[in-house]
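Trainee: quick check, what structure comes out for this input:
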Amino acid sequence: MARMVRKQIYMDVEQERILKSRAKKLRKTEAELVREGINTVLNRAYLFKDSAAWGREMKFLQSLMKKGPAKGKSQWSREDLHDR
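Mentor: The predicted structure is shown next:
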């Protein structure tokens, strides 16, 4: 096991209740679940390294949604997709 560093955290009463319940159900310590939660957040963080780029992407997608459905006749039907 990697070297551990002690940290003290605060959580609300409901978080504590759920944490205790899940730890018991999963037969893990509360600390294990907290570490897993931290790892989940840290591993997901790479998706949002450039928050400015993400903001620009969201604005672009919202602008497309405001335009509504694409105009013109589609070249395929729903049934065509089911035949594949």
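
Trainee: tell me the helix or strand right after the longest helix along the chain.
Mentor: Across the chain, the helix with the greatest residue count (assigned by DSSP state H) is helix 51-67. Sequence order places helix 78-83 as the next helix or strand after helix 51-67, per DSSP states H and E.

Trainee: I'd like the mean pLDDT over that following helix, please.
Mentor: Per-residue pLDDT over helix 78-83 has a mean of 74.

Trainee: what packs against that helix?
Mentor: Counting contacts by 3 or more C-beta pairs under 8 Å, 6 or more residues apart in numbering; DSSP states H and E, helix 78-83 packs against no other helix or strand. Every residue, glycine included, has its C-beta placed from N, CA and C.

Trainee: circling back to that earlier point, any idea how far the longest helix of the chain is from the chain center?
Mentor: 18 Å (C-alpha atoms, centre = their mean, to the nearest Å).

Trainee: kindly report the same for stretch 65-77.
Mentor: Distance, centroid of stretch 65-77 to centroid of chain: 30 Å (C-alpha atoms, centre = their mean).

Trainee: got the CA coordinates for it in CSV?
Mentor: Provided in CSV are the C-alpha atoms of stretch 65-77 (Å, rounded to 0.1, in the frame of the first residue of the first chain):
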residue,chain,number,x,y,z
MET,A,65,-29.9,23.7,-30.5
LYS,A,66,-31.5,27.2,-30.9
LYS,A,67,-31.6,26.8,-34.6
GLY,A,68,-33.8,23.7,-34.3
PRO,A,69,-33.9,20.7,-36.5
ALA,A,70,-31.9,20.8,-39.8
LYS,A,71,-33.9,22.0,-42.7
GLY,A,72,-34.3,20.0,-45.9
LYS,A,73,-35.4,16.5,-46.7
SER,A,74,-33.5,13.8,-45.0
GLN,A,75,-31.8,11.2,-47.2
TRP,A,76,-32.8,8.3,-45.0
SER,A,77,-35.7,7.1,-43.0
